[in-house]
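Novice: Quick check, what structure comes out for this input:
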Amino acid sequence: MKDNKNYKHFIALLTVLTAPLIFGVLTSCKNGMTERVPVSDISFDGKTFAKTSFTEIVAKGTKAEIFMDDDSSWKTYCNGGEDTYIPGLYLLRGVFLKGRKVKLSPFMLSQYEVTQELYEAVMGHNPSNFNTGSDQKLRPVETVNWYDAIVFCNKLSLKLGLKPYYRIENKNIDWEKIQYDGIPDEKTAKEERAEWDKVVCAKDSNGFRLPTEAEWEFAARGGNVKIDAWKYAFAGTQCTPLDPSGFHTRKTDTNLDQYGWYLGNSGQKTHAIGTKKPNRLRLYDMSGNVSEWCYDWAAALNITETIEEDPHGGPRPTTVEEPARVDRGGSFRNEAYNCTVSRNDWYYPYRRANYLGIRLARSLN
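Specialist: Next comes the predicted model:
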């Protein structure tokens, strides 16, 4: 381990116990620690959908404060770096960089990636490439673009009597009736896609939404800057060996084998969700299986001394002709290093690919 500095990360989390609500969590005491116990799978139309429970990440009535004064731990297995697509966007150090101060409001995250079974029940269509086999219904849905993801969030919210989180400025969309072929894709004119990019978020909504990139990474790292898990390469485990040399070229990682589906063990296909070990917040497949859409536009971070409240990537970038949205976590087709919790990635919001899927979030207002 080349960098043995004392890490000065710290986090202040106030804890308030709240009575569990629908999709809430129960808490129990185990070995002197509060343990999150997810409850309530999604149910509608007389059916309960397996592996659709949620976990509280930032407790209701609190704020998570993440003040970073040292991000050098990532040098233990990567060298950082910038990409030519967006100068100044660090590829391998994530969004919690030295000097950044972030506060996250209460929210919860689905324990699992959205299944093909749930997606088809809501959308009336299953676009997935890997849609066969006895475990097909519990494989993650894939081949969804970013617009598909926000439509799914709104339609699911309405099915459960919740207020939709998204609307499109100057468009009157019937979210209950919109069909799959009415959602923009790469055949849609640029002008129409640009109109769909004018997304407005209802911050008072109790409905489903995509996590922000900061929320996703905070949860994937385990939700506590002070513990060793925060510095792990993957969600739930460290890389092996802990040595930066050759990390980008290793074909396999014995620790990641236990926690995620990636190029080294997937057979180049998705697998049923929740079949690997979870991270400390009991979130499954945060590293590998399918890469998960986040809300944010891909853009370079502008780190200042001010505290950023619930950062979400800023407005639609104007520095590139076709801006991209963030996806995180890596997938079945990626090498191990692409499945790290700090790996930034992005794709065009109108394109569908067989490695892109969805994990749901909800605000705890």
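Novice: make it CA atoms for all contacts and neighbour counts henceforth
Specialist: Will do.
Novice: Check the offset of stretch 297-316 from the chain's centre.
Specialist: Here stretch 297-316 is found 17 Å from its chain centre; the criterion is C-alpha atoms, centre = their mean, to the nearest Å.
Novice: Endpoints of it, how far apart?
Specialist: Across stretch 297-316, the terminal residues are separated by 6 Å (C-alpha to C-alpha, to the nearest Å).
Novice: Same check on stretch 60-75?
Specialist: End-to-end for stretch 60-75, by C-alpha to C-alpha: 35 Å.
Novice: What's the mean pLDDT across that stretch?
Specialist: Per-residue pLDDT over stretch 60-75 has a mean of 88.
Novice: Now that stretch: buried residues?
Specialist: Neighbour counts over stretch 60-75 (16 or more other C-alpha atoms under 10 Å) mark 60, 62-75 as buried.
Novice: So which of those residues are in helices?
Specialist: Of the buried residues of stretch 60-75, none are assigned to helices by DSSP state H.
Novice: which residues in the protein form helices?
Specialist: Using DSSP H, helices in the chain cover 116-123, 146-159, 190-196, 213-220, 256-259.
Novice: With mean neighbour count, mean pLDDT and distance to K226 added, can I get those helices in JSON lines?
Specialist: Below are those laid out as JSON lines (neighbours: other C-alpha atoms under 10 Å; pLDDT from 0 to 100; distance: least, C-alpha to C-alpha, whole Å):
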{"stretch": "helix 116-123", "mean neighbour count": "20", "mean pLDDT": "98", "distance to K226": "36"}
{"stretch": "helix 146-159", "mean neighbour count": "22", "mean pLDDT": "98", "distance to K226": "33"}
{"stretch": "helix 190-196", "mean neighbour count": "14", "mean pLDDT": "95", "distance to K226": "40"}
{"stretch": "helix 213-220", "mean neighbour count": "25", "mean pLDDT": "98", "distance to K226": "12"}
{"stretch": "helix 256-259", "mean neighbour count": "20", "mean pLDDT": "98", "distance to K226": "22"}
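Novice: Next, format those helices as CSV and append distance to G236.
Specialist: Formatted as CSV, these follow (distance: least, C-alpha to C-alpha, whole Å):
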stretch, distance to G236
helix 116-123, 25
helix 146-159, 26
helix 190-196, 36
helix 213-220, 8
helix 256-259, 7
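Novice: wait, what's in contact with T306?
Specialist: T306 makes contacts with K101, as judged by C-alpha atoms under 8 Å, 6 or more residues apart in numbering.
Novice: and what of the one 5 residues further on?
Specialist: P311 makes contact with 102, 212, 214 under the criterion C-alpha under 8 Å, 6+ apart.
Novice: distance of it from S105?
Specialist: Distance from P311 to S105, by C-alpha to C-alpha: 10 Å.
Novice: And A361, by the same measure?
Specialist: For A361, the distance to S105 equals 12 Å [C-alpha to C-alpha].
Novice: Look at these two and report which has more neighbours.
Specialist: More crowded of A361 and S105, by other C-alpha atoms under 10 Å: A361, with 25 against 20.
Novice: pretty sure the more buried one is in contact with E213, am I right?
Specialist: No - the criterion here is C-alpha atoms under 8 Å, and A361 misses it with E213 at 11.4 Å.
Novice: tell me the pLDDT at L14?
Specialist: Predicted confidence (pLDDT) for L14: 28.
Novice: same thing with L242?
Specialist: So L242 comes in at 81 (pLDDT).
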